[in-house]
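>>> Fold the following.
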Amino acid sequence: MWFSGGCAVNATDPVERVTVQNDAVPGISLPPNGTSLAGINLLSLPPNGVSLNGIDPTGLSASGAPISISGTGAPLAGSEIVGSSWTGLLSDGTTLAIRVDQAVQGTGDNADVWSYRMSASVGGAFQPLCVDHDGNPSLADTVSGTWNVARGVPGGGAYHPDSSQFTIACRGSSIAKCVELGYKPWNGYSPELASCVRALRADYCGDGTPYTVNGTLVNLFDDAGVRSDAIDWVPEAEWTADGARCISKKTETRFDEVLGVRPTCYPVTLKPEKSCGAGFSDGAIVITELAPLSK
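Numbers count the residues shown, from 1 in each chain. Below you'll find the predicted structure:
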C-alpha cells in the first residue's frame, strides 16, 4: 500500500506541490496543460521497516456484517461502507486493522472513483492513514491488485493486478494520480496504470528505484487514447510496465537534470535513442516529456 499527503481532486486541478509525509509517495497534480508532478517514495508503517503490502478483500460493515470488495469498478465504492473495517496485510506477516471514516465521490470523469478518509489501529489507537502537508487527515483511493514495494531488486515496483487483494493509495500518490488520470484497471487499463506509475516515479530500470526529485514537472500521455499529448515539450522516455524502454538523450532525463545520479541499467539496457519519444514503439505504453532546458 502506497501513501502520500496531498489534496488534489481532479485531473484538471491546478498544480499543487506535495510535501512528503512519512516517506509517502507524492505523486502528481495535473493542470489543464497536461503537465504533472512526479513523485518517488514509499511508506513504512510502525514498526519501522514494515510495509503494508495489500488489503484483504473481505471486511466488516459498521454493523459487523461481512462485506466484500466490489466485483466491478474500484474495490471500495459508495458511502455505505463508512464505518467498515478491513485487514491490512503487513510485510512481516502480521496484520493491521483499518477503518473507513469518511467517503467522498469524485466528479466528472472520476465519478466512479470514491476517496476515503481512513484510520489504522496503531498502538491501541486509531491514527490517520493519510495526512496532508500540515499533518491533517486526507483521503485515499482504492485500486485492485498490489505493488511490490522493494527497490533495486528484480520485480521491485511491479504491479500485480491479478492479486485478490487491493491497494489503498493516498491522494497525491503516483498510484492514485495515475488512477485519477484515467488509468483504471476496472476499465481495462492495468498496463497503462503500471506504466504510468513507473514513469511518474522515474523507475527507469524497472526495479523499484526512483530517479527523480519530488515536484519535477512531466508531461505524460499514452497510446490508448486516455491522455493525449497536450503540450510541445522535449521527449524524455518511452515506458512500459517494466520500466523505461529507451531514453531520448541522457541530458534530457530526470536522472540527469534534477537528480544527477545515473541509473544502474544505463547504458547497458537503458539506451538513448534519437527517435525515443517520437512514437510508441516496441511495446511502449506511455511517453514522458520534460520542459525545455533554459538556455
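>>> pLDDT below threshold where in this structure?
Low-confidence segments of the chain, defined by pLDDT under 70: 1-49, 294-295.
>>> Helices of that one, start to end?
174-180, 190-200, 254 (DSSP state H).
>>> which of those sits most buried?
helix 174-180 (a mean of 30; mean count of other CB atoms under 10 Å). In this view, the C-beta of every residue, glycine as well, is placed from N, C-alpha and C.
>>> which strands and helices sit next to that one?
Judged by 3 or more CB pairs under 8 Å, 6 or more residues apart in numbering; DSSP states H and E, the packing partners of helix 174-180 are strand 140-144, strand 166-170, helix 190-200.
>>> which residues sit against the longest one?
What that stands for is helix 190-200. 27-28, 36, 38-39, 143, 145, 147, 157-159, 161, 174-175, 177-179, 181, 183-185, 203, 206, 218, 220, 222, 224, 226, 237, 239-244, 285-286, 288 (CB atoms under 8 Å, 6 or more residues apart in numbering).
>>> Can you flag the buried ones in those residues?
Neighbour-count burial (16 or more other CB atoms under 10 Å) applied to the contacts of helix 190-200 gives 27-28, 36, 38-39, 143, 145, 147, 157-159, 174-175, 177-179, 181, 183-185, 203, 206, 218, 220, 222, 224, 226, 237, 239-244, 285-286, 288.
>>> among the residues you listed, which are in strands?
Counted as lying in strands by DSSP state E, out of the buried ones among the contacts of helix 190-200, are 36, 143, 147, 159, 218, 220, 222, 237, 239-240, 243-244, 286, 288.
>>> Tell me how many other residues crowd A62.
A62 has 14 neighbours, counted by other CB atoms under 10 Å.
>>> Then V234?
V234: 16 surrounding residues under other CB under 10 Å.
>>> residues touching G145, list them.
Under the contact definition (CB under 8 Å, 6+ apart), the residues listed for G145 are 159-163, 165-167, 185, 190.
>>> for D207, that is, sorry about that
151-157, 243, 264-265.
>>> Can you tell me which of the residues you listed are classed as buried?
Buried among those by 16+ other CB under 10 Å: 156-157, 243, 265.
>>> got these as a markdown table, with distance to H133 columns?
Converted to a markdown table, the buried ones among the contacts of D207 look like this (distance: CB to CB, whole Å):
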| residue | distance to H133 |
| --- | --- |
| G156 | 27 |
| G157 | 25 |
| G243 | 29 |
| C265 | 33 |
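>>> Now the residue nearest to the spatial centre of the chain. Nearest residue, chain neighbours left out?
Centroid-nearest residue in the chain, with CA atoms, centre = their mean: I175, separated by 1.6 Å. Nearest non-adjacent residue to I175, counting by CB to CB, 6 or more residues apart in numbering: A169, 3.8 Å away.
>>> from memory the one you found sits against S144, does it?
No. At 11.4 Å, A169 does not count as touching S144 under the criterion of CB atoms under 8 Å.
>>> More neighbours: those two, which one.
Between A169 and S144, counting by other CB under 10 Å, A169 is the more crowded of the two (28 against 23).
>>> and that one, what are its bridge partners?
Under DSSP bridges, the beta-bridge partners of A169 are D141.
>>> follow-up on the earlier one: do you know which of the helices of the chain lies nearest W86?
helix 174-180 (17.2 Å; CB to CB).
>>> quick check, distance from that closest one to the centre of its chain.
Centre-to-centre, helix 174-180 and its host chain are 5 Å apart (CA atoms, centre = their mean, to the nearest Å).
>>> Please apply the same query to stretch 61-70.
Using CA atoms, centre = their mean, the offset of stretch 61-70 from its chain centre is 26 Å.
>>> Restricting to C-alpha, output that stretch in PDB.
Taking C-alpha atoms only, stretch 61-70 is exported to PDB below (Å, rounded to 0.1, in the frame of the first residue of the first chain):
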ATOM      1  CA  SER A  61     -19.600  -3.400   7.900                       C
ATOM      2  CA  ALA A  62     -20.300  -0.900  10.600                       C
ATOM      3  CA  SER A  63     -22.900  -3.400  11.900                       C
ATOM      4  CA  GLY A  64     -20.400  -6.200  12.000                       C
ATOM      5  CA  ALA A  65     -21.800  -8.000   8.900                       C
ATOM      6  CA  PRO A  66     -19.200  -9.400   6.400                       C
ATOM      7  CA  ILE A  67     -18.800  -7.400   3.200                       C
ATOM      8  CA  SER A  68     -16.600  -7.900   0.100                       C
ATOM      9  CA  ILE A  69     -14.900  -5.600  -2.300                       C
ATOM     10  CA  SER A  70     -16.800  -4.600  -5.500                       C
END
